[in-house]
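*Asks:* can you look at this prediction? I've put the sequence above it.
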Amino acid sequence: MNSFFRWATSLVFGAVIAYVTWTKEDVNNSETEKPLQRKYGSVIAPNLLMTFILLMFAAAAISSDVRFSFDSLFPLICGVFISIGLFFALFILLLPVLRKYVSAKAIALMWLLPNYLYITVQNYMVLDKPRFVFDMGNVPMRTVSLIWISAAALVFTAYVIRHFIFRFKLLRHAKPLGCGKVPFLWEKMQTDYEFKKPCIKIVTSGNTATPISVGLFRHTMVLVLPHTDYTEDELKLIFKHELIHIIRSDSQIKLFIAFCNAVCWFNPLMWIAMKKCSEDLELSCDEYVIEDCSKVEKDLYGNLILSAVGNETGFTTCLSAGAEALKYRLTNIYKPKRRFKGSIIVGTVMAAMLLLSGNIAFSYNHQSLAEVFAGNVSEVNIDPSYISMGEDNSYKAYYCNDPDVLDDYLMDLSICQVSGYYSDMDNEGKHLYCHYQTDKGLVVVCLDDNTLEYSPLYTAGRKESRTYYLDEAVDWDHIMSIISLSPLEEEAEPDL
């Protein structure tokens, strides 16, 4: 059933994203004028995934058992960021081809698609098991996870500090423009672009050689102009460029990419993603600016980019371009090629991303069931009178004829943990449920073809079950040879 919902959800999300992208791309062909905020605004909130991850960590930090919560959270978060790393790696490799045939607006939107990966950890979207598993051996995962999270926090903190240092230096000696034609035009264009009120300040500073917007939110956003005398036509193009960045929340998009880069700091392609994403945001902004421009205005806009020197730092947006991106931007302005709108491509990428996520995982912490028990309790005895065996959700009570043999077999099973979030037990195939009496209380061990679930029932008020994955096939014939149907032959669901 999960497979159906996974396919259905992925296709629905892909179709919705494709449709919304198509309606935005088709705005210029419409006979009715659409609101500019809707025309330029992003269809994907740039902070969805980051908010979800931070809330998950906050919930784990305030839980009654912090250690267990973080141990349970690590595979889930790890699985999400494996998918993010793979998505961006493939995206960067395909980017030269996409830029050649697909509009920059569609490509800019694709950078945001991983925001929807939080959907893949919902129960109706999880896989029974990963398709490809790469073994990491018996590395100390608690130590590895601590190093990973600490390094991620340091990298992200460095990005944030760098942003605020740049903002401080940029605005330290900046002066408001006060009254005059420049602030009047800026306020007028904010009104024309449907801002509720002209809330974005405009200042001038000698610390920049290019117009630049700095700030993560509209109420903290400031447009900084260099000490340059621009004509009114030049100002209109500059203001349009920066207003589009602000409406799309491009600063927050850069924050999202920085967050992904921080948690995937070990992936070299993620560091390239920061630069490529910034380039595509500028390219897509150029497309919006010049779509209604005459040849004279395009020439003027191209000259503005040529005359602007400098690069954005932190989560800022600016008119200038780096040396590598400059040629590409100018070519798109002076000799634009006809490209696909990309709505179908965006929708297809969205559906494929949701469908394929979770298929690759890493196995770690290889051990036996006996080692799992030894790490939690000191006395263990299997209960031969409570054995339940079933297939395809039909269960019968069994009795174990030789508890020691069954106990030895189960205790010697080789199991491991896997990164990612998957169904606890396979609904199809055979299942075995055994009760173990320990010095702390009752423990239920559930076994199927792929997984083993360890469920201590002595933890009052909470369920602390752990799912392990089998390194070997289950010998069901051997198990059936040492158990027999209970005299009552009662068919029942195990009481967990």
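*Replies:* In hand now; what should we look at?
*Asks:* tell me the confidence at Ala321?
*Replies:* Model confidence at Ala321, expressed as pLDDT, equals 61.
*Asks:* and for His245?
*Replies:* 91.
*Asks:* shaky segments in the stretch 351-496 of the chain?
*Replies:* 392-393, 424-428, 459-464, 487-496 (pLDDT under 70).
*Asks:* so which residues of it form strands?
*Replies:* 360-368, 380-391, 394-400, 414-418, 430-438, 442-447, 451-456, 466-470, 483-485 (DSSP state E, counting those that start in this stretch).
*Asks:* dump those strands to JSON lines, plus distance to Ala258 and mean neighbour count.
*Replies:* Yep, even glycine has a C-beta here, placed from its N, CA and C like the rest. As requested, those are exported to JSON lines (distance: least, CB to CB, whole Å; neighbours: other CB atoms under 10 Å):
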{"stretch": "strand 360-368", "distance to Ala258": "24", "mean neighbour count": "19"}
{"stretch": "strand 380-391", "distance to Ala258": "48", "mean neighbour count": "18"}
{"stretch": "strand 394-400", "distance to Ala258": "51", "mean neighbour count": "17"}
{"stretch": "strand 414-418", "distance to Ala258": "29", "mean neighbour count": "19"}
{"stretch": "strand 430-438", "distance to Ala258": "45", "mean neighbour count": "20"}
{"stretch": "strand 442-447", "distance to Ala258": "42", "mean neighbour count": "20"}
{"stretch": "strand 451-456", "distance to Ala258": "37", "mean neighbour count": "19"}
{"stretch": "strand 466-470", "distance to Ala258": "33", "mean neighbour count": "18"}
{"stretch": "strand 483-485", "distance to Ala258": "56", "mean neighbour count": "15"}
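*Asks:* which one of the ones you listed lies closest to Arg6?
*Replies:* Minimum separation from Arg6 across these (CB to CB) falls at strand 360-368, 15.8 Å.
*Asks:* so what secondary structure elements neighbour that closest one?
*Replies:* Here strand 360-368 touches helix 66-101, strand 132-135, strand 414-418, going by 3 or more CB pairs under 8 Å, 6 or more residues apart in numbering; DSSP states H and E.
*Asks:* right, and these - which one's nearest Leu185?
*Replies:* helix 66-101 (33.3 Å).
*Asks:* and the strands in the stretch 151-300 of the chain?
*Replies:* Using DSSP E, counting those that start in this stretch, strands in the stretch 151-300 of the chain cover 175-176, 201-204, 212-214, 222-225.
*Asks:* what sits against the residue lying closest to Gly302 once chain neighbours are set aside?
*Replies:* Nearest residue to Gly302 in three dimensions, chain neighbours excluded: Ile333, at 4.8 Å (CB to CB, 6 or more residues apart in numbering). Going by CB atoms under 8 Å, 6 or more residues apart in numbering, Ile333 touches Asp286, Ile290, Lys298, Tyr301, Gly302, Ile305.
*Asks:* separation between Ile333 and Asp299?
*Replies:* Taking CB to CB, to the nearest Å as the measure, Ile333 falls 9 Å from Asp299.
*Asks:* what is the burial count for Glu332?
*Replies:* For the record, residue 332 is Asn, not Glu. Applying other CB atoms under 10 Å, we find 18 other residues in the vicinity of Asn332.
*Asks:* thought Asp286 was touching it, still the case?
*Replies:* Yes. Under the criterion of CB atoms under 8 Å, Asn332 makes contact with Asp286 at 6.1 Å.
*Asks:* and His431, how far from Leu355?
*Replies:* 27 Å.
*Asks:* please apply the same query to His227.
*Replies:* With CB to CB as the criterion, His227 and Leu355 are 53 Å apart.
*Asks:* quick one: which of these two has more around it?
*Replies:* Leu355 (17 against 11).
*Asks:* in contact with the closest residue to that one other than its chain neighbours, which residues?
*Replies:* Spatial nearest neighbour of Leu355, excluding adjacent residues (CB to CB, 6+ apart): Ser10 at 4.6 Å. The contact partners of Ser10, taken as CB under 8 Å, 6+ apart, are Met350, Ala351, Ala352, Leu354, Leu355.
*Asks:* including distance to Val222, could those go into a markdown table?
*Replies:* As requested, the contacts of Ser10 are exported to a markdown table (distance: CB to CB, whole Å):
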| residue | distance to Val222 |
| --- | --- |
| Met350 | 34 |
| Ala351 | 39 |
| Ala352 | 40 |
| Leu354 | 38 |
| Leu355 | 42 |
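*Asks:* over to the nearest residue to Lys169 once chain neighbours are set aside: give its phi and psi.
*Replies:* Spatially, and ignoring its direct neighbours in sequence, Lys169 is nearest to Asn207 (6.1 Å; CB to CB, 6+ apart). In terms of degrees, to the nearest 10, the main-chain angles of Asn207 are phi -90, psi 10.
*Asks:* any idea how far Asn207 lies from Val214?
*Replies:* 11 Å.
*Asks:* same check on His431?
*Replies:* 59 Å.
*Asks:* next: Asp449.
*Replies:* Taking CB to CB, one finds Asp449 at 56 Å from Val214.
*Asks:* quick one: which of the two has more around it?
*Replies:* Between Asp449 and Val214, counting by other CB under 10 Å, Val214 is the more crowded of the two (26 against 16).
*Asks:* ok, the more buried one - contacts?
*Replies:* Contacts for Val214 (CB under 8 Å, 6+ apart) come out as Phe166, Arg167, Leu170, Leu171, Met221, Val222, Val224, Ser251, Gly314, Thr316.
*Asks:* is it in a bridge, and if so with what?
*Replies:* Val222, Thr316 (DSSP bridges).
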